[in-house]
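> just the structure for this:
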Amino acid sequence: MTTNIIQSERQPTHLVVALRACAGAFGLVFIYSCGYNIFLLAPSIYLLQIYDRVLSSRSTDTLLMLTLVIAVAVVVGSVLDIVRRAALTRIGSWLDHRLRPVVLTAAFEYAARVNTSVAADCYRDLASLRQFLDSPASSLLFDIPWAPVFLLLLFLVHPLLGAIGLLSALILLFLAVLTELATREPLTHASAALARSYSRFGTALKYIQVVRAMGMQDGAAQIVYRDAEFARMAQDNAMHRTEIILGFSKSIRTLTQILVMGAATWLVLADGSSPGIIFVASLVLGRGLTPIEGAIGAWRSFAYARSAFNRLNRMLIAVASDAGSRMVPVPESSSLVLQNVSFAMPYADRHILNDVSLRLAPGDCVALIGSSGSGKSTLGRVMAGVLQPTSGSALLGGVDISALRLCGGTRHIGYLPQDIELFGGAIKDVIGRLDGADSTKAVDAAKLVGLHEAIMRLPQGYETDIGEGGSLLLRAQRQQLGLARAAYGNPALVVLDDPNSSLDYDGERVLFNAIQRMRAKRMTVVIITHRLGVLPVTNKIAIMRNGSIDAFGDSDEIYDAYLQPPARTGT
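Take a look at the predicted model:
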């Protein structure tokens, strides 16, 4: 994983590449903004012309023509503003369309490797970036570079007026920086607390039946509410600070407007300047300070967008890999080899697996047996490619199982976890792993596990909707359906974690028959179990203790040496 991160930092992420692809579109938006800001000068020019030409000549024709020209300029400026906002919206939509599949895949991978709640936050960050591009705050970014231009025009009107405007702009910039410093910490705390609240709420909903059965609703609600309340308080704190600074900025803006108009009036009286400069100076100053003052009010949006970009980019870097250069042949039926596999959770001192080595030939069926906490399920997840070893390697047909995931080879690995997670939808799609299931393969998988007849007795057969998460099925039925999903496409390796935990005698007979059919098709089957009744269908047994394999060999030999109950001696 470290190698992947280093490699990905040498090349831009999909997010950066997509933004670079939008450079031309952003350039057009900048051009539209230039036109819009230039046409904002129209009212100032109109006032100057009225004082210099219309009032002196008292010409109605000049007034009408001037008014018409300025009106057209104002309309064109408004159209340019509409066009640039529409362009930013289109850019946001295009980015969402292009990045959504990439971000979804990266979020799934990041959730499996690192942190589920952070992955969910990063997925929402893509929507936050689009919302920012849709908001007025994004167009404000294109107006800020024009603030110095308007202040320069104020200097051209008179250096005194320009100095007043520049001093006011510097004070407003200082307040904008102060807003960033004052709100950064509370906004960070608010974002983290809100993420915790959403995560815990999702967990409570997932296990709502247990929560209700044990009377934990109020306690769960209190935990979720506590995080949400902390987020609200942090957001209120940031908003309160922003409002105070914004109040100061409005006062400074108003005072500056008064000073400029007073100074312009003094120049008219002292130097005999045109009275039009009073209104022109006021308008130009307003155009110069508006983007800066708007930045203070929109700083919260800027901060959220920047944080969203950084989080999303970090996630893409963390899961980026050189998959294109690591394309490998996918094994159809190959041996499974574990070489000194060790695994530890991130930042944990103790290893869950310690130097596990194992070799299984095609068609082998091994039972992983051990007490709770011995590492059986963790080893199963390593074999299935769910977890990546901290050290050592897990190979299928000589290919690293983690590399198989990068080239789509996980289709040749079947996995039935302890907690069977089924997406809703038609049975055909559930068996086919939600990837446009081949009907023939789905039927073959159902027949392989002895589920075909039961499915055909349903009113809609393979098109029957199982409900969200398989809520319309019994646990034993979900387990059988999960087994059919694991066997879909005749994978080279099938890992079954406690597959008979919810089965009665008849159900176990069906499971045993399914395993025997898998072995006949040269599939390698790994059964993680604590029930010895499954041993007759295995030809290998591995006994685990404290994260290591204590014994491994043929089923009969291991059973006689380690699992055979001691014979009773008569008295």
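> what does the domain assignment say about the chain?
As assigned by automatic domain parsing, the chain contains the domains 1-135+312-322, 146-297, 336-563.
> can you list those in a markdown table and add distance to residue 303?
Glycine gets a C-beta too; all of them are placed from N, C-alpha and C. A markdown table is the format used below for the domains of the chain (distance: least, C-beta to C-beta, whole Å):
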| stretch | distance to residue 303 |
| --- | --- |
| domain 1-135+312-322 | 10 |
| domain 146-297 | 6 |
| domain 336-563 | 28 |
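> can those domains go into CSV with extra columns for mean neighbour count and mean pLDDT?
Formatted as CSV, the entries for the domains of the chain read as follows, by neighbours: other C-beta atoms under 10 Å; pLDDT from 0 to 100:
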stretch, mean neighbour count, mean pLDDT
domain 1-135+312-322, 16, 82
domain 146-297, 17, 82
domain 336-563, 18, 83
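> nearest to residue 305, of these?
domain 1-135+312-322 (4.0 Å; C-beta to C-beta).
> which parts of the stretch 101-250 of the chain are strands?
In order along the chain, the stretch 101-250 of the chain carries no strands (DSSP state E, counting those that start in this stretch).
> now residue 268, nearest residue through space, not along the chain?
Beyond its immediate neighbours in the sequence, the residue positioned closest to residue 268 (C-beta to C-beta, 6 or more residues apart in numbering) is residue 275, lying 5.4 Å away.
> and residue 446, by the same measure?
Nearest residue to residue 446 in three dimensions, chain neighbours excluded: residue 452, at 4.3 Å (C-beta to C-beta, 6+ apart).
> equivalent analysis for residue 13, please.
Spatially, and ignoring its direct neighbours in sequence, residue 13 is nearest to residue 316 (4.0 Å; C-beta to C-beta, 6+ apart).
> same check on residue 532?
residue 563 (6.6 Å).
> can you show me the strands along the stretch 351-500 of the chain?
With DSSP E, counting those that start in this stretch as the criterion, the stretch 351-500 of the chain has strands spanning 353-360, 365-370, 391-396, 399-400, 413-416, 493-497.
> nearest to residue 521, out of those strands?
Short answer: strand 493-497, nearest of the strands of the stretch 351-500 of the chain by C-beta to C-beta, at 10.1 Å.
> report the angle between that closest one and strand 365-370.
The directions of strand 493-497 and strand 365-370 differ by 30 degrees, with axes from the mean of the first three to the mean of the last three C-alpha atoms, to 10 degrees as the criterion.
> going forward, the N-terminal residue is numbered 123.
Renumbered: residue one is now 123, and that last one reads strand 615-619.
> list the contacts of strand 615-619.
Here strand 615-619 makes contact (C-beta atoms under 8 Å, 6 or more residues apart in numbering) with 458, 498-499, 502, 505-506, 518, 534-540, 605, 608-609, 637, 640, 645-650.
> hmm, 7 Å instead?
Outside of strand 615-619, the residues that reach it under the criterion C-beta atoms under 7 Å, 6 or more residues apart in numbering are 458, 499, 502, 505-506, 518, 535-540, 608-609, 640, 645-650.
> so in that sheet, which strands flank that strand, and in what orientation?
Each strand that pairs with strand 615-619, with its direction, by DSSP bridges: strand 535-538 (parallel), strand 646-650 (parallel).
> need those strands in TSV with distance to residue 376, can you?
Supplementary listing: these in TSV, determined by distance: least, C-beta to C-beta, whole Å:
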stretch	distance to residue 376
strand 535-538	67
strand 646-650	73
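> spatially nearest residue to the residue most central in space within the chain, not counting backbone neighbours?
Centroid-nearest residue in the chain, with C-alpha atoms, centre = their mean: residue 245, separated by 2.1 Å. For residue 245, ignoring the flanking residues on the chain, the nearest one in space by C-beta to C-beta, 6+ apart is residue 229 at 4.5 Å.
> residues contacting the one you found?
Shown here is residue 229, whose contacts under the criterion C-beta under 7 Å, 6+ apart are 241, 244, 245.
> got a list of what the second one touches?
The one in question is residue 244. 229, 232, 433, 434, 437.
> what's the answer for residue 633, then?
Neighbour list for residue 633: 621, 622, 625 [criterion: C-beta under 7 Å, 6+ apart].
> repeat that for 8 Å
Contact analysis of residue 633 by C-beta under 8 Å, 6+ apart lists 571, 605, 621, 622, 625, 656.
> same list (those) but as a markdown table, adding distance to residue 580.
Shown next, in a markdown table, are the contacts of residue 633 (distance: C-beta to C-beta, whole Å):
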| residue | distance to residue 580 |
| --- | --- |
| 571 | 16 |
| 605 | 17 |
| 621 | 23 |
| 622 | 24 |
| 625 | 20 |
| 656 | 28 |
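> in helices only, show me the residues you listed.
Using DSSP state H, residue 605 are the members of the contacts of residue 633 that sit in helices.
> mind picking the two most distant members of the contacts of residue 633?
For the contacts of residue 633, with distances taken as C-beta to C-beta, the pair at the greatest spread is 571 and 656 (14.8 Å).
> so the residue nearest to residue 654 makes contact with residue 652?
No: the pair residue 685 / residue 652 is not scored as a contact, 11.9 Å apart, by C-beta atoms under 8 Å.
> tell me, what's touching the two both at once?
Between them, residue 685 and residue 652 share the neighbouring residues residue 491, with contact defined by C-beta under 8 Å, 6+ apart.
> residue 347 - nearest residue in space that isn't next to it in sequence?
residue 319 (8.0 Å).
> for the one you found, give me its contacts.
Neighbours of residue 319 in contact, by C-beta under 8 Å, 6+ apart: 346, 347, 349, 350, 353.
> roughly how far apart are residue 328 and residue 541?
Taking C-beta to C-beta, to the nearest Å as the measure, residue 328 and residue 541 are separated by 10 Å.
> hang on, I meant residue 412
When distances are taken as C-beta to C-beta, residue 412 and residue 541 turn out to be 56 Å apart.
> quick one on the thing from earlier: ok, the contacts of residue 319 vs residue 581, which is closest?
Closest to residue 581 out of these is residue 346 (39.6 Å), distances taken as C-beta to C-beta.
> wait, doesn't that closest one sit right on residue 323?
Yes: counting by C-beta under 8 Å, residue 323 is a contact partner of residue 346 at 4.8 Å.
> got the contact list for residue 350?
315, 316, 319.
> for residue 609, same thing?
Taking C-beta under 8 Å, 6+ apart, we find residue 609 in contact with 536, 567, 570, 571, 616, 636, 640, 645.
> ranges for the helices of the stretch 223-372 of the chain?
When assigned using DSSP state H, counting those that start in this stretch, the helices of the stretch 223-372 of the chain occupy the ranges 238-256, 258-265, 269-279, 281-328, 330-335, 339-393.
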